[in-house]
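Participant: What shape does this take:
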Amino acid sequence: MLSRLGDRLTVSPTLYSDAEGRLGSAITATANVTLQRDGETIVDRAGTGGWIDVPAAPAEYTLTTNTTPQGSGAAQHPQPSVVDVPLRPR
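Facilitator: Have a look, this model is predicted:
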């Protein structure tokens, strides 16, 4: 889930799913979230969820989450999963 209310983004992304779109889960070894505003990085931090305060002015945002599952899945799939979510002003 990604939503904006006023000057705050609420970030709670679905990190894992299969090719059919069914939700999955995994213990995450590493996680990072990056938020860009009009192409400039304004947030780059560990974790994937929470709140991010943003300026009130209209802008185009791109949220990227980058995770690596822990355990046997990490050995089979060493590439991190990356999710990009573009947000455009109304």
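Participant: partners of residue 17 in the sheet?
Facilitator: residue 23 (DSSP bridges).
Participant: burial measure for it, as a count.
Facilitator: 12 (other CB atoms under 10 Å). The way it works is simple: take the backbone N, C-alpha and C, and place the C-beta from them, glycine included.
Participant: now it: how far from residue 6?
Facilitator: 30 Å (CB to CB, to the nearest Å).
Participant: just residue 28 next, same as before
Facilitator: 29 Å.
Participant: wait, is residue 32 part of a strand?
Facilitator: Yes. In this structure, residue 32 lies within a strand as judged by DSSP: H, G, I helix; E, B strand; the rest coil.
Participant: any idea what sits nearest it, other than its immediate chain neighbours?
Facilitator: Using CB to CB, 6 or more residues apart in numbering and skipping residues adjacent in sequence, the residue nearest residue 32 is residue 66, 4.7 Å away.
Participant: Check the chain and tell me which residue is nearest its centre.
Facilitator: For the chain, the residue sitting closest to the mean C-alpha position, by CA atoms, centre = their mean, is residue 65 at 3.0 Å.
Participant: Distance-wise, check that one relative to residue 2.
Facilitator: Applying CB to CB, the value for residue 65 to residue 2 is 10 Å.
Participant: Need the overlap of contacts for the two.
Facilitator: Common contact partners of residue 65 and residue 2 (CB atoms under 8 Å, 6 or more residues apart in numbering): residue 13.
Participant: before we move on, the earlier item: bridging residues for the residue nearest to the centre of the chain?
Facilitator: Residues in beta-bridge contact with residue 65 (DSSP bridges): residue 33, residue 83.
Participant: ok, so what distance separates it from residue 56?
Facilitator: Counting by CB to CB, the gap from residue 65 to residue 56 is 24 Å.
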